[in-house]
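Chemist: structure of the sequence below:
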Amino acid sequence: MGASAQTALALAVVPFAADEEITESTLMELLSGASDIFQDEGVQIVGGHTCEGEELACGFAIQGFTSNPEKLLRKKGGKVGDKIVLTKSVGTGALFAADMRAKCKGDYVMEALKSMSVSNVKGSEIAARTKGVHSCTDVTGFGLAGHLLEMLVAEEDTPIGAVLNLDDMPFLRGGLEASANHIFSSLQPSNATSRRAVSNHVEIAAARPVKYPLLFDPQTAGGLMFFVDPDACPDFLKDLEEHFPATCVIGEIVAFQEDAADMNGAVC
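Modeler: Coordinates of the predicted model:
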């Protein structure tokens, strides 16, 4: 995290159509919309590949550049005592699973889309100029728990753990409603294998039956998660909140321990 995006290669799949003009029109609209967003970020689409398939799909490989590679933020770097900062609310996977079943309010869908449409570029820029930010990742397909676990196990020399406070964590209203109705993404079961790393899984699953499953919810256009020195946290949060209103401290890095104490509302 910290390089500037420069170019993008596209992989676009358009649905089979009887008329070639329909296929071309669909592809043009798809890439035109993507190009508008990329131009706002100073990125050019320089090529890619297109094909036909059963469903419309589009993805990009992004190439970036930095003149100071030593300043790049990686998953590794967390220290005991660091605060865990999250920039966006969690719950898009469950929310859109509910929406596909016509069981999500329109306001909730719009709330999710508004959050998803906020670029993480500003968060990266703020982190790059803030002393005391030790590591970073984005919260996407593996869910918050999965990506947090990646950051924790990256510290091979000094094993670390984390304590999360679910009551401090931001959740999308639609995600909470979907979880309460036991509606989850199709990726939820595989992501939930990360629960093996949660020392108080049984206790917290019973204490927070709606919020806890959303730790394993796969995110689309999710936020950034940082490990930050406590002294740098107040100013860092203030800067992030200008662009990411949901920004908050969701936990803390602790020394690794086999058996964590039972803490009400906390995931250990």
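
Chemist: pull the longest helix from the protein.
Modeler: helix 20-40 (DSSP state H).

Chemist: which strands and helices sit next to it?
Modeler: strand 4-15, strand 44-53, strand 57-65 (3 or more C-beta pairs under 8 Å, 6 or more residues apart in numbering; DSSP states H and E). All C-beta atoms are positioned from the backbone trio N, CA, C, and that covers glycine.

Chemist: can you pull out the residues in contact with the last one?
Modeler: Around strand 57-65, the neighbours that count as contacts under C-beta atoms under 8 Å, 6 or more residues apart in numbering are 3-13, 30-31, 34, 43, 45, 48.

Chemist: which of those residues count as buried?
Modeler: Burial by neighbour count, judged by 16 or more other C-beta atoms under 10 Å, picks out Ala3, Ala5, Thr7, Ala8, Ala10, Ala12, Val13, Leu30, Leu31, Ala34, Val43 from the contacts of strand 57-65.

Chemist: I'd like those residues laid out as TSV, including pLDDT and distance to Gly78.
Modeler: Listed next are those as TSV, based on pLDDT from 0 to 100; distance: C-beta to C-beta, whole Å:
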residue	pLDDT	distance to Gly78
Ala3	87	20
Ala5	91	25
Thr7	95	31
Ala8	95	30
Ala10	94	35
Ala12	93	37
Val13	92	38
Leu30	90	39
Leu31	91	39
Ala34	91	34
Val43	93	30
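
Chemist: need the max-distance pair from those.
Modeler: Spanning the widest gap among the buried ones among the contacts of strand 57-65 are Ala3 and Val13, at 27.6 Å by C-beta to C-beta.

Chemist: please name the bridge partners of Glu252.
Modeler: Residues in a beta bridge with Glu252, per DSSP bridges, are Lys83, Val163.

Chemist: contact partners for it?
Modeler: Counting by C-beta under 8 Å, 6+ apart, Glu252 has contacts Gly81, Asp82, Lys83, Ile84, Ala162, Val163.

Chemist: same check on Lys76?
Modeler: Ser135, Met151, Ala154, Glu155.

Chemist: same check, this time on His49
Modeler: Contacts of His49 by C-beta under 8 Å, 6+ apart are Leu9, Ala10, Leu11, Ala12.

Chemist: from what I see, the last one and Glu29 are in contact.
Modeler: Meaning Ala12. No: look at Ala12 against Glu29 with C-beta atoms under 8 Å: they stay out of range, at 10.8 Å.
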